[in-house]
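>>> let me see the structure of the following:
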Amino acid sequence: MLRLNTGPSAAAWTAWLGCMGPVMLALNVALGALCAVFITDPDLQVVGALGLVPLVLLDGLIVILSVQYYRGAFWLDGRTLVRRGFPGRKRYDLTSAEVTVESAQPLWTPWRGGVLPRLTVRTSGGGTVRMWLRDPVRRGALLPPDQLGALAQAIDPWFRHPVAGRLRQLAADPLHGTL
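Numbering: from 1, shown residues only. I've put the predicted structure just below:
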């Protein structure tokens with residue numbers, strides 16, 4: 001299986017979980033204890049209960065962002081696109097899928113450079129998956145030429161599909177002749 005350079009790397013996950021985990025644990029313990037003190041006082045029960053609401057919302061937001069970033073990793077297994085999911089991995093057969101490219105503005109990322117291209121794969125019964133060809137998590141970096149070529153080959157080994165042909169051209173000349 002060929003790992004595509006999409007989504008956070010293992011080092012980024014280690015930093016994310018290694019830093020965010022202890023900070024969130026300390027925040028939850030401190031604010032949870034403070035809210036528990038308020039809840040035990042009959043006059044401040046409402047304040048204690050209301051103090052838990054932002055804490056629960058923040059925890060939920062961090063879980064949603066973590067799952068979304070976790071699902072950003074892709075592999076190629078022959079002519080099958082594999083997406084890391086929660087739980088397990090999801091497979092998308094590129095031989096029978098409708099493959100297109102679209103431009104979109106990334107949300108929930110540090111990228112602020114405008115729209116980026118992303119591959120859209122629609123399968124009958126398997127749903128739709130979208131994969132960035134320029135990764136917003138990595139400052140808009142394009143997939144390496146060997147990975148673009150492998151993706152083009154997986155879509156159509158004869159490069160007759162328009163997306164496969166364009167990916168092959170991009171893999172052959174990623175700088176568009178600027179050098």
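>>> need the pLDDT of the spatially most central residue of the chain.
Centroid check for the chain by Cα atoms, centre = their mean gives G72 as the closest residue, at 2.6 Å. In the predicted model, G72 carries a pLDDT score of 86.
>>> how is this structure partitioned into domains?
Taking automatic domain parsing as the reference, the chain has its domains at 2-70, 76-172.
>>> just confirm V121 is within a strand.
Yes. Under DSSP: H, G, I helix; E, B strand; the rest coil, V121 sits within a strand.
>>> and the end-to-end length of stretch 69-80?
21 Å (Cα to Cα, to the nearest Å).
>>> repeat that for stretch 133-150.
End-to-end distance of stretch 133-150: 13 Å, with Cα to Cα as the criterion.
>>> and it, how far out from the chain's middle?
Relative to the mean C-alpha coordinate of its chain, stretch 133-150 is positioned 13 Å out (Cα atoms, centre = their mean, to the nearest Å).
>>> buried residues in it, which are they?
For stretch 133-150, the neighbour count (16 or more other Cβ atoms under 10 Å) marks 133-138, 140, 142-143, 147-150 as buried. Every C-beta, even on glycine, is put in place using the N, C-alpha and C of the backbone.
>>> in its sheet, what does the lowest-mean-pLDDT helix or strand in the chain sit against?
Least confident helix or strand of the chain, by mean pLDDT, DSSP states H and E, is strand 134-135 with a mean of 84. According to DSSP bridges, strand 134-135 forms sheet pairs with strand 141-142 (antiparallel).
>>> which strands or helices does the next helix or strand along the chain from the partner strand pack on?
The C-terminal neighbour of strand 141-142 among helices and strands, as given by DSSP states H and E, is helix 145-155. Secondary-structure packing of helix 145-155 (3 or more Cβ pairs under 8 Å, 6 or more residues apart in numbering; DSSP states H and E): strand 74-77, helix 162-172.
>>> residues in contact with helix 145-155?
With contact meaning Cβ atoms under 8 Å, 6 or more residues apart in numbering, helix 145-155 is reached by 2, 4-5, 76, 78-81, 94, 99, 119, 133, 142-143, 159, 161, 163-165, 167-168, 170-172, 174.
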